[in-house]
Structure formats: C-alpha cells, structure tokens
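Asks: here is a sequence together with a model predicted from it:
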Amino acid sequence: MNTAFTYSDGDHVTASGIKRHDYAYGHHIIGTTRHLRSSLRYGPYAWPGGHARAYMCSDGEMLCPACVRAEYRQISNSVRHSINDGWQVIACVAIDDTDTDECCAHCGVGLASL
C-alpha cells in the first residue's frame, strides 16, 4: 500500500512526515500568503550578497521585516483578499548600500541600516 501523496501546493506527504515545498524561500514576487510566510522564514538578508531585504507594498512604500512580522495579520489579510489598503505586500527586494534614502513606512528605520 502506497501512503505517499502530494498536495496541490507542492507539499509531499509520506509515512515519515510532511516535506514542505518552499518552506523558507526568498520569493521576489509575493502573490499569496504562503509566499509571504516563506519569505519571512528565509530571513532578513538576501543571499548571495548579504544585503538587507525589505517588502514593497502595493502603494510603493517599503516595510522592514520586523514590521511585516509585527503587522502580519493585517498584511496577510490584504494579500489574501487583494486589498489595496497600503498593507498589501507585492514584492520582496534586496536593499543595497546605494539606497540610503529608503525608510520603513511603518517604523521609520532606514532600510540600508538593517
């Protein structure tokens, strides 16, 4: 009897447990809450390069990873229902040293200093 199967989202289930597809992956385009959670698990720095990562909202503002974690409930609701209320995260980008004027729209911290 074969007990292994794969869900439509890519998770593979065997008798020994679930193997999660893209559990911690640095998605550039955030289209679902799964992409958002996976990008948050990936960490605050891009690889290769080690540049800080920031999240771009649908209104063009940027959020730091700490604020995305703190306001996850609001952001995930906006992503899930495609609500353009300023909380909908649409992308995750690497901030390099030349982008010194970018600040988090929520807390005001400079994104280049992360």
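Replies: Sure, I can see it. All values derive from a computational prediction rather than experimental measurement.

Asks: and residue 43, what does it touch?
Replies: Going by Cβ atoms under 8 Å, 6 or more residues apart in numbering, residue 43 touches 24, 53. Every C-beta, even on glycine, is put in place using the N, C-alpha and C of the backbone.

Asks: let me know the pLDDT of it.
Replies: Note on residue 43: pLDDT of 87.

Asks: use 25 as the first number for this chain going forward.
Replies: Sure, I'll start numbering at 25, so the last one becomes residue 67.

Asks: distance check, it against residue 118.
Replies: Between residue 67 and residue 118 the computed distance is 12 Å (Cβ to Cβ, to the nearest Å).

Asks: again, but for residue 136
Replies: In this view, residue 136 and residue 118 are 11 Å apart by Cβ to Cβ.

Asks: joint contacts of those two?
Replies: Residues touching both residue 136 and residue 118 by Cβ under 8 Å, 6+ apart: residue 76.

Asks: please save the CA atoms from stretch 50-64 in PDB.
Replies: Listed next in PDB are the C-alpha coordinates belonging to stretch 50-64 (Å, rounded to 0.1, in the frame of the first residue of the first chain):
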ATOM      1  CA  GLY A  50      13.300  34.100  -0.800                       C
ATOM      2  CA  HIS A  51      10.400  34.900  -3.100                       C
ATOM      3  CA  HIS A  52      10.700  38.100  -5.100                       C
ATOM      4  CA  ILE A  53       7.000  38.300  -6.100                       C
ATOM      5  CA  ILE A  54       4.600  38.000  -3.200                       C
ATOM      6  CA  GLY A  55       1.300  36.700  -4.600                       C
ATOM      7  CA  THR A  56       0.000  34.600  -1.800                       C
ATOM      8  CA  THR A  57       0.300  34.400   2.000                       C
ATOM      9  CA  ARG A  58       2.300  31.200   1.500                       C
ATOM     10  CA  HIS A  59       4.900  33.300  -0.400                       C
ATOM     11  CA  LEU A  60       4.900  35.900   2.300                       C
ATOM     12  CA  ARG A  61       5.400  33.300   5.100                       C
ATOM     13  CA  SER A  62       8.100  31.600   3.200                       C
ATOM     14  CA  SER A  63       9.900  34.900   2.600                       C
ATOM     15  CA  LEU A  64       9.800  35.800   6.200                       C
END
